[in-house]
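Engineer: have a look at this fold, sequence not included:
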């Protein structure tokens with residue numbers, strides 16, 4: 001799952017836009033964007049956050065500067081648990097040539113010390129987008145962790161897990177219809193890239209257009225696959 005291999009796989013799957021959302025880290029976004037620019041693929045910088053409630057939330061940013069600023073928020077709030085490489089694997093930072101630049105010693109799947117409301121506030125302060133991830137999954141989703149969708153949650157969209165069944169989920173939780181619903185691959189291996197996606201009808205494949213769709217006429221301009 002190095003940046004160059006992710007971009008190659010995205011090309012093979014004919015994806016126009018992808019997001020790099022490592023667990024509690026934005027550090028691979030820069031190299032992925034540098035590689036993708038050579039192949040006409042748009043890479044959105046982001047992270048998959050684990051809040052103190054153990055809710056996974058996707059954060060997306062318009063540019064790498066904003067992502068870098070949010071990395072400081074992660075560094076300030078990540079619960080420090082040493083990574084055990086023999087169990088979880090090495091957490092290397094690599095460049096576009098797959099040369100190792102650094103290794104993260106903290107366990108990146110650990111929870112932040114801040115909750116979902118605080119995370120949303122910080123992402124929005126940096127003009128980013130927040131999407132609670134895989135809300136229909138039996139763990140690390142809004143419903144599994146809280147049991148309900150908080151009234152007035154300032155999320156920009158909600159994500160549905162490609163692997164979880166949706167039988168009866170919409171009927172049981174009609175309140176999710178207030179938000180745009182996205183479906184992403186949540187890929188943790190190269191083979192999973194592109195196994196689920198969302199089609200956007202955009203003027204151009206850029207972050208500002210996605211923001212406009214999610215905040216406007218999203219019923220007619222997005223389609224989860």
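Structural biologist: Done, it's in. Since the model is a prediction, treat every value here as computed from it, not as a measurement.
Engineer: helix, strand, or coil at the residue positioned nearest the centre of the chain?
Structural biologist: The centre of the chain sits closest to residue 58, judged by CA atoms, centre = their mean, with a distance of 3.5 Å. Classification of residue 58 by DSSP: H, G, I helix; E, B strand; the rest coil places it in strand.
Engineer: check residue 196 too.
Structural biologist: Three-state call for residue 196 (three-state DSSP): coil.
Engineer: from residue 161, how far off is it?
Structural biologist: Distance of residue 196 to residue 161, computed by CB to CB, to the nearest Å: 9 Å. Glycine gets a C-beta too; all of them are placed from N, C-alpha and C.
Engineer: give me the common contacts of these two.
Structural biologist: Common neighbours of residue 196 and residue 161 (criterion: CB atoms under 8 Å, 6 or more residues apart in numbering): residue 186.
Engineer: contacting residues for residue 184?
Structural biologist: Shown here is residue 184, whose contacts under the criterion CB under 8 Å, 6+ apart are 19, 58, 159, 162, 196-198.
Engineer: on that earlier part again, ok, the residue nearest to the centre of the chain touching residue 21?
Structural biologist: Yes: between residue 58 and residue 21 there is a contact at 5.5 Å, judged by CB atoms under 8 Å.
Engineer: show me the shaky parts of the protein.
Structural biologist: 163-167, 225 (pLDDT under 70).
Engineer: what about the strands in it?
Structural biologist: 17-20, 42-50, 56-61, 92-94, 100-103, 129-132, 158-161, 181-184, 198-200, 222-224 (DSSP state E).
Engineer: for the closest residue to residue 195 other than its chain neighbours, what are its contacts?
Structural biologist: Spatial nearest neighbour of residue 195, excluding adjacent residues (CB to CB, 6 or more residues apart in numbering): residue 185 at 4.8 Å. Contact analysis of residue 185 by CB under 8 Å, 6+ apart lists 162, 192-197.
Engineer: now residue 185: how far from residue 159?
Structural biologist: In terms of CB to CB, residue 185 sits 11 Å off from residue 159.
Engineer: check whether residue 134 really touches residue 183, as I assumed.
Structural biologist: No: the criterion here is CB under 8 Å, and residue 134 misses it with residue 183 at 9.7 Å.
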